[in-house]
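*Asks:* Quick one: sequence and predicted model below, then my questions.
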Amino acid sequence: MGAKIGGGGGGKRGSHDINAEPNVIPFIDVMLVLLIIFMVAAPIASVDVQVSMPAAQDIIPSKRPPKPTWVSLKQEPGGTPQVYVMNDQVSFETLGDELHEAVLFNTPDAQDLTGDDREIMILSQRVYLRAQGDMEYRHVVRVMNGLQARGFVKVALVAEDRRQIY
């Protein structure tokens, strides 16, 4: 409810122009009261929860990051698919073991370890899988199943970038 008291219009004496602007002062008063109520009530509502965190382990970052390990699928027209670990052709049956050796070679920190620690570090490395665009998907899935059967679960599919840059 607002009205202009003074104005220069040449209207009738005693008539006031209508002001369409809302009166926000009561709204601001209510918001300030609510703010004060919540500021007082917030510390009362907080409850202390006892949490026991495990002890931190001293993890030394790797000084020599591992090199990426690639598995490639290629197929000649009308031929059987060929699997490569890095640049060496392997069979589907020996893929897991050959990849294990390649990851060990590409991960210098794993060479310093023995036993289960070495195996955990090798199997935790990401393996990149790339295939030709016209490769049947069943062959890609067959390779992924072979990698997972050997223990490699971090498999990244790599797509070919066919954008033309001018």
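*Replies:* Received, thanks. This is a predicted model, so every value here is computed, not measured.

*Asks:* C-alpha only now, for contacts and for neighbours.
*Replies:* OK.

*Asks:* okay, the helix or strand bottoming out on mean pLDDT in the chain in PDB with CA atoms only?
*Replies:* When each helix and strand of the chain is scored by mean pLDDT, DSSP states H and E, helix 108-111 comes last, with a mean of 72. These are the backbone C-alpha positions of helix 108-111, laid out as PDB (Å, rounded to 0.1, in the frame of the first residue of the first chain):
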ATOM      1  CA  PRO A 108      58.700 -49.100 -12.500                       C
ATOM      2  CA  ASP A 109      57.400 -49.000  -9.000                       C
ATOM      3  CA  ALA A 110      55.900 -52.500  -9.300                       C
ATOM      4  CA  GLN A 111      59.300 -53.900 -10.200                       C
END
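
*Asks:* helices or strands up against the longest strand along the chain?
*Replies:* Longest strand in the chain, counting residues (DSSP state E): strand 69-75. Counting contacts by 3 or more C-alpha pairs under 8 Å, 6 or more residues apart in numbering; DSSP states H and E, strand 69-75 packs against strand 81-85, helix 95-106, strand 127-131.

*Asks:* So for Val24, which of these sits nearest?
*Replies:* Smallest distance to Val24 across those (C-alpha to C-alpha): 61.3 Å, for strand 127-131.

*Asks:* Just want the angle from the closest one to helix 95-106.
*Replies:* Using axes from the mean of the first three to the mean of the last three C-alpha atoms, to 10 degrees, the inter-axis angle of strand 127-131 relative to helix 95-106 is 120 degrees.

*Asks:* per-residue confidence averaged over strand 127-131?
*Replies:* Strand 127-131 shows an average pLDDT of 90 in the prediction.

*Asks:* Tell me the strands beside it, with direction?
*Replies:* Strand pairing for strand 127-131, using DSSP bridges, gives strand 69-75 (parallel), strand 155-158 (parallel).

*Asks:* picking up where we left off before, what mean pLDDT does the longest strand of the chain get?
*Replies:* For strand 69-75, the per-residue pLDDT averages 89.

*Asks:* Can you tell me what sits against stretch 151-164?
*Replies:* Here stretch 151-164 makes contact (C-alpha atoms under 8 Å, 6 or more residues apart in numbering) with Leu123, Ser124, Gln125, Arg126, Val127, Tyr128, Leu129, Arg130, Ala131, Gly133, Met144, Leu147.

*Asks:* CA atoms of it as PDB?
*Replies:* Provided in PDB are the C-alpha atoms of stretch 151-164 (Å, rounded to 0.1, in the frame of the first residue of the first chain):
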ATOM      1  CA  GLY A 151      42.100 -59.400 -12.900                       C
ATOM      2  CA  PHE A 152      42.400 -56.200 -14.900                       C
ATOM      3  CA  VAL A 153      39.200 -54.300 -14.100                       C
ATOM      4  CA  LYS A 154      40.300 -50.800 -15.000                       C
ATOM      5  CA  VAL A 155      39.800 -50.900 -18.800                       C
ATOM      6  CA  ALA A 156      39.400 -47.700 -20.700                       C
ATOM      7  CA  LEU A 157      38.000 -47.700 -24.200                       C
ATOM      8  CA  VAL A 158      39.800 -45.300 -26.600                       C
ATOM      9  CA  ALA A 159      38.000 -43.800 -29.500                       C
ATOM     10  CA  GLU A 160      39.700 -42.500 -32.600                       C
ATOM     11  CA  ASP A 161      39.500 -38.800 -33.100                       C
ATOM     12  CA  ARG A 162      38.100 -38.200 -36.600                       C
ATOM     13  CA  ARG A 163      37.600 -34.500 -36.400                       C
ATOM     14  CA  GLN A 164      39.300 -32.500 -39.200                       C
END
